[in-house]
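# Got a predicted model here, sequence first, then my questions.
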Amino acid sequence: MVEMIAQTSSPNIDAVIQQVAGHKGCGTTANSGKASCGSAAGQGDLPAAIWEKVKNHPCYSEEAHHHFARMHVAVAPACNIQCNYCNRKYDCANESRPGVVSEKLTPAQAAKKVVAVASVIPQMTVLGIAGPGDPLANPAKTFETFGLVAQGAPDIKLCLSTNGLMLPEYVDRIAQYNIGHVTITINMVDPEIGARIYPWIFYNHKRYTGVEAARILTDHQLRGLEMLTARGILCKVNSVMIPGINDKHLIEVNKAVKSRGAFLHNIMPLISAPEHGTVFGLNGQRGPSAQELKALQDDCQGEMNMMRHCRQCRADAVGLLGEDRSAEFTTDKIMAMDVTYDLDARRVYQEAVEEERQAKSAAKHEELSKLAGEESDISLLVAVATKGSGLINEHFGHAKEFQIYELSTSGAKFAGHRRVDMYCQGGYGEEDTLDTVIHAINDCHAVFVAKIGGCPKADLTAAGIEAVDGYAHEFIEKSALVWFKKYLAKVASGGIKHVNRGDAQIRQGALISAA
Amino acid sequence: MAYKIVASQCTGCSACEAECPNAAIREKGGTFIIDPKKCTECIGYFETAQCVAVCPVDDTCVIDNSYPRYQPKA
Ligand code: SF4
Ligand code: SF4
């Protein structure tokens, strides 16, 4: 823990780069129709009021997710809709990491957990209630938890994820409890398409099926979204991309939610395999490839802010996104803890992070200016092994995930994560780790690592991916841009020929190991 | 006179508990059970058995044949 805080709070460690990718919003204003990584403040073109709300929110601000943490508590197990990508034995595959069962907590236990975690981890700034069920299908537990947390840890931001069915009924309570952010999962705005995703909903003491069910759902989702944004509550929309069902349609969804004031749209790949026991898993519905996902995200990017840093993490995860410290905070340990909540210490820490962010902003501009003058249409992806802090600081063989950056003469743009960890044991039998990694980053031209062995290096080269270990412990974006400049020079001099890479796989096996 | 829950299929999601008009459902060891003395098959409250309608797993809330069907008081 000490190490983690030291890493993220030391100004000179984090003080450079990463900023280009640092905030996803990347200044796509609602109407500009193009993405530009503009402002030095990290705020992009976001209105000040919205930036104020999101800057410390790891799920909304890509920049914040390097510094601030959120936690989810599972107090809402019941759900009121059935999704074909969901197996209710496990957590919601959309909001949380598939295949992991969250520990169910009572509101009192949950509130104590939040206060305990926040008193130990000052960068924990956000509490979410997301699932496993739908928070608004469990309104009593959900709002009791929010109420208790607001008493015990008043500086924590509250947020909620919902399928939207009950939103219109609870918008006023959401506002009353000061819940600043709401995430709605919207997979369609056309009931015919919805009928292929949702077999039924339970509403008003009745089970509705087919197109009728989907019509009620989409109507409530969109109305709920409008009502929330009218009250100044920030709304993010999550969509699960299901090839052949709603992939093209998500562009419509993007327009519909944008016009109703959603400020972020997060398109996630369907995670689907027969072992998951979901309808889609069993009927062979596949998830999208990395290239398909990126193409759709790019199509929507022109429309509004897209979020690419979502790792579909578990609902009860504790820590910075991508890092899980749940084991330190089991219910037994928490109930035994003596908690003192130090508001001042938390504020001091958070202010330090804010300063750091400013410093990074300045550095980004310097780095970008060095690329100025370069002219090339080449744009390519690179993978980076990192433990965080914006550094190339992970060994290839230890990497559980890679960060993907898109390089072009306009800079280095963060494009997402690729998980390669082996939490799926047995999903693909004897599949070799190295093969897994190569599949996962097959669309990249290079992989940046702190260190790599000779064998994997050779295998990567054979697969057409350059292993770059010359920038160990340096800043990701600076290094990537320096490498990219050299790459362009080699292409220009005819030393190498630029070829486009193939597609990559999104790992599907997650459900099996169930921690 | 009652519905029962097939324990091996119950996910323990608790959705039925909140919907039962007779408070006949409670948790027991991670899954949920119906008190046959309280269950009215939702007769007198709703058109369909609420536990059946809300349960995410088909054929988990089922008629318990060891009891006679519920007879609403005339
Ligand atoms: S049938 Fe109705 S009364 Fe009986 S347990 Fe189910 S919800 Fe309760
Ligand atoms: S709704 Fe079904 S799965 Fe959920 S607790 Fe009740 S019986 Fe079990």
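Received it, and whenever you're ready, just let me know what you need. Ligands and ions are numbered 1, 2, ... in the order given.
# and chain A, which of its residues are near chain B?
Chain A comes close to chain B at residues A:77-80, A:82, A:88-89, A:104, A:132-133, A:137-138, A:202, A:205-207, as judged by CB under 8 Å from any CB of the partner chain. Using the backbone N, CA and C atoms, a C-beta is placed for each residue, glycine as well.
# of all those residues, which two lie farthest apart?
The span of these, defined through CB to CB, is set by A:Lys104 and A:Lys206 at 26.9 Å.
# which one of the residues of chain A next to chain B sits closest to ligand 1?
Proximity of the residues of chain A next to chain B to ligand 1 was ranked by CB to the nearest ligand atom; the top entry is A:His205 with 9.9 Å.
# For that closest one, grab the count of nearby residues.
A count of neighbours around A:His205, defined by other CB atoms under 10 Å in any protein chain shown, yields 15.
# Compute the distance between it and A:Ala290, please.
In this view, A:His205 and A:Ala290 are 43 Å apart by CB to CB, to the nearest Å.
# So A:Gly261 sits against A:Gly224, correct?
No: A:Gly261 lies out of contact with A:Gly224 (CB atoms under 8 Å); the separation is 11.5 Å.
# And these two? Which one has more around it.
Legend: neighbour count by other CB under 10 Å for A:Gly261 and A:Gly224, higher for A:Gly224 (27 against 16).
# Can you find the helix or strand in chain A with the smallest mean pLDDT?
Least confident helix or strand of chain A, by mean pLDDT, DSSP states H and E, is helix A:19-22 with a mean of 24.
# Mind jotting down where the strands sit in chain B?
B:3-5, B:25-28, B:31-34, B:61-63 (DSSP state E).
# for A:Gly244, helix, strand, or coil?
With DSSP: H, G, I helix; E, B strand; the rest coil as the basis, A:Gly244 sits in coil.
# Count the neighbours of it for me.
The burial count for A:Gly244: 10, using other CB under 10 Å.
# For it, which non-adjacent residue is closest in space?
Setting aside the residues directly before and after it, A:Gly244 is nearest to A:Gln285 in space (CB to CB, 6 or more residues apart in numbering or on different chains), at 7.5 Å.
# tell me the mean pLDDT for stretch A:286-298?
Averaged across stretch A:286-298, the pLDDT comes to 85.
# Next one: A:Asn204 from ligand 1, what distance?
Taking CB to the nearest ligand atom, to the nearest Å as the measure, A:Asn204 falls 15 Å from ligand 1.
# Show me where chain B has its helices.
Counting by DSSP state H, one finds helices in chain B at the ranges B:15-19, B:50-54.
# Which residues does the last one contact?
Residues outside helix B:50-54 that contact it (CB atoms under 8 Å, 6 or more residues apart in numbering or on different chains) are A:78, A:80, A:202, A:205-207, B:3, B:5, B:15-16, B:19-21, B:25, B:34, B:42, B:61-62.
# Out of the strands of chain B, which one sits most buried?
Highest mean neighbour count of the strands of chain B: strand B:3-5, a mean of 21 (counted as mean count of other CB atoms under 10 Å in any protein chain shown).
# one step back: and A:Lys104 and A:Lys206? which has more neighbours close in?
Taking neighbours as other CB under 10 Å, A:Lys104 and A:Lys206 compare with A:Lys104 leading, 22 against 15.
# Now do the contacts for that one.
By CB under 8 Å, 6+ apart, A:Lys104 lies in contact with A:74-75, A:77, B:12.
# now with 10 Å?
A:73-77, A:110, A:132-133, A:141, A:316, A:331, B:12-14, B:27, B:30 (CB atoms under 10 Å, 6 or more residues apart in numbering or on different chains).
# so which of those would you say is closest to A:Val437?
Taking CB to CB as the measure, A:Val437 sits nearest to A:Asp316 out of those, at 27.6 Å.
# Can you check what pLDDT the model gives that closest one?
Value for A:Asp316, per-residue pLDDT: 38.
# Using TSV, lay out the helices of chain B together with distance to ligand 1, mean neighbour count and mean pLDDT.
Below are the helices of chain B laid out as TSV (distance: least, CB to the nearest ligand atom, whole Å; neighbours: other CB atoms under 10 Å in any protein chain shown; pLDDT from 0 to 100):
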stretch	distance to ligand 1	mean neighbour count	mean pLDDT
helix B:15-19	6	21	94
helix B:50-54	3	23	96
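# Let's have the ones you listed in a markdown table, adding distance to A:Asp247.
Shown next, in a markdown table, are the helices of chain B (distance: least, CB to CB, whole Å):
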| stretch | distance to A:Asp247 |
| --- | --- |
| helix B:15-19 | 30 |
| helix B:50-54 | 31 |
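# Out of these, the one nearest A:Gln297 is which?
Comparing those against A:Gln297 with CB to CB, the closest turns out to be helix B:15-19 (33.7 Å).
# For that closest one, C-alpha coordinates in CSV please.
Written as CSV, here are the backbone C-alpha positions of helix B:15-19 (Å, rounded to 0.1, in the frame of the first residue of the first chain):
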residue,chain,number,x,y,z
ALA,B,15,-35.4,-11.2,-6.2
CYS,B,16,-38.3,-13.3,-5.2
GLU,B,17,-38.1,-12.4,-1.6
ALA,B,18,-38.9,-8.8,-2.2
GLU,B,19,-41.8,-9.5,-4.6
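# Packing partners of it?
Judged by 3 or more CB pairs under 10 Å, 6 or more residues apart in numbering or on different chains; DSSP states H and E, helix B:15-19 is in contact with helix A:139-152, strand B:25-28, strand B:31-34, helix B:50-54.
# Take those and lay them out in a markdown table including distance to A:Lys497.
Formatted as a markdown table, these follow (distance: least, CB to CB, whole Å):
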| stretch | distance to A:Lys497 |
| --- | --- |
| helix A:139-152 | 57 |
| strand B:25-28 | 65 |
| strand B:31-34 | 62 |
| helix B:50-54 | 60 |
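# Between those, which one is closest to A:Val437.
Between the helices and strands packed on helix B:15-19, helix A:139-152 lies closest to A:Val437; by CB to CB that is 39.4 Å.
# tilt between whichever helix or strand comes after that closest one and helix A:139-152?
Going down the chain from helix A:139-152, the next helix or strand is strand A:157-162, by DSSP states H and E. Per axes from the mean of the first three to the mean of the last three CA atoms, to 10 degrees, the angle that strand A:157-162 makes with helix A:139-152 is 170 degrees.
# residue contacts, whichever residue of chain B sits closest to chain A?
Of all residues in chain B, B:Ala15 sits closest to chain A, at 3.6 Å by CB to the nearest CB. By CB under 10 Å, 6+ apart, the contact set of B:Ala15 is A:77-80, A:88, A:133-134, A:137-138, A:202, B:25, B:32, B:50-51, B:53-56.
# and ligand 2, which of these contact it?
B:32, B:54-56 (CB under 6 Å from any ligand atom).
# May I see the ChimeraX selection of the buried members of the contacts of A:Lys104?
Here is the ChimeraX selection string for the buried members of those, based on 16 or more other CB atoms under 10 Å in any protein chain shown:
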select /A:73,74,75,76,77,110,132,133,141,316 /B:12,13,14
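# From the contacts of A:Lys104, which one has the minimum pLDDT?
Lowest in pLDDT among the contacts of A:Lys104 is A:Asp316, which has 38.
# Which positions within stretch B:55-65 qualify as buried?
Neighbour-count burial for stretch B:55-65 flags B:55-57, B:60-62 (criterion: 16+ other CB under 10 Å).
# quick check: domain ranges of chain A?
Domain assignment of chain A by automatic domain parsing yields the ranges A:2-336, A:370-492.
# ok, of those, where does mean pLDDT dip lowest?
Mean pLDDT per stretch puts domain A:2-336 lowest among these, at a mean of 73.
# Give me the helices and strands touching the helix or strand hosting A:Ile438, please.
Assigned by DSSP H and E, A:Ile438 falls within helix A:433-440. If contacts are counted by 3+ CB pairs under 10 Å, 6+ apart, helix A:433-440 sits against strand A:401-408, strand A:411-419, strand A:444-448, helix A:454-462.
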